[in-house]
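# Below is the sequence, then the predicted model.
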Amino acid sequence: MNPHTLSDFTVKNNLNESVSLAQYAGQVVLVVNTASACRFTPQYAQLQQLHERYSAQGLQILAFPCNQFLQQEQGDNAEIQQFCERFSVGFPIMDKIEVNGARADPFWQWLRRSAPGVLGSTRIKWNFTKFLIARDGQTVQRFAPVTSPLDIVGSIEALLKS
């Protein structure tokens, strides 16, 4: 089977339990690769603001810690979860994964192919790359790490209304 929607994937949460992404069918989903020691780490606070403002309207945020960029996420899942408490994170922090290379998580392989970056590149360039997925489970847009989560409010609101 060639997965082509969010619902086709199962990932691991930070307790190493399987999570079917089909549970988010019909919701707008913002997926982010995160790291605790990155200059973009303060975006956790902005992601939490989005979670508080839009979760009741159908926005789900999923954070996937990744240690592939200058080893900026060296902790284990428990340490990462504890770190995220600094930002009062209320959205799911998933299992630490790889987003590039031969061991890239299949969900992230799909995201990369579904929404290529600049000049058609599928590679994730850095921590806090964001993917916004519409209610139908199709990837809509990729946002660069430098893009503040608060700067994509317009895109989120448009999808929540559709």
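Perfect, I can see it now.

# In this structure residue 133 contacts residue 6, no?
Yes - look at residue 133 against residue 6 with CB atoms under 8 Å: they come within range, at 5.4 Å. No exception for glycine: its C-beta is placed from N, CA and C like everyone else's.

# Neighbour count: the two, which is higher?
residue 6 (28 against 25; other CB atoms under 10 Å).

# which of the residues in stretch 65-79 are buried?
65, 66, 67, 68, 69, 72, 73, 75, 77 (16 or more other CB atoms under 10 Å).

# Please dump those residues into CSV; it should also carry secondary structure, distance to residue 50 and pLDDT for every row.
What follows is these, written out as CSV (DSSP: H, G, I helix; E, B strand; the rest coil; distance: CB to CB, whole Å; pLDDT from 0 to 100):
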residue, secondary structure, distance to residue 50, pLDDT
65, strand, 18, 97
66, strand, 20, 96
67, coil, 24, 95
68, coil, 24, 95
69, coil, 22, 94
72, coil, 22, 89
73, coil, 21, 91
75, coil, 24, 89
77, helix, 23, 89
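
# Include distance to residue 157 when you put those residues into TSV, please.
Converted to TSV, these look like this (distance: CB to CB, whole Å):
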residue	distance to residue 157
65	27
66	28
67	33
68	31
69	30
72	31
73	30
75	34
77	32
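
# Closest one of those residues to residue 145?
residue 69 (9.1 Å; CB to CB).

# Excluding chain neighbours, give the residue nearest to residue 151 in space.
residue 143 (8.0 Å; CB to CB, 6 or more residues apart in numbering).

# How about residue 144?
In space, residue 144 is closest to residue 129, 6.7 Å off (CB to CB, 6+ apart).
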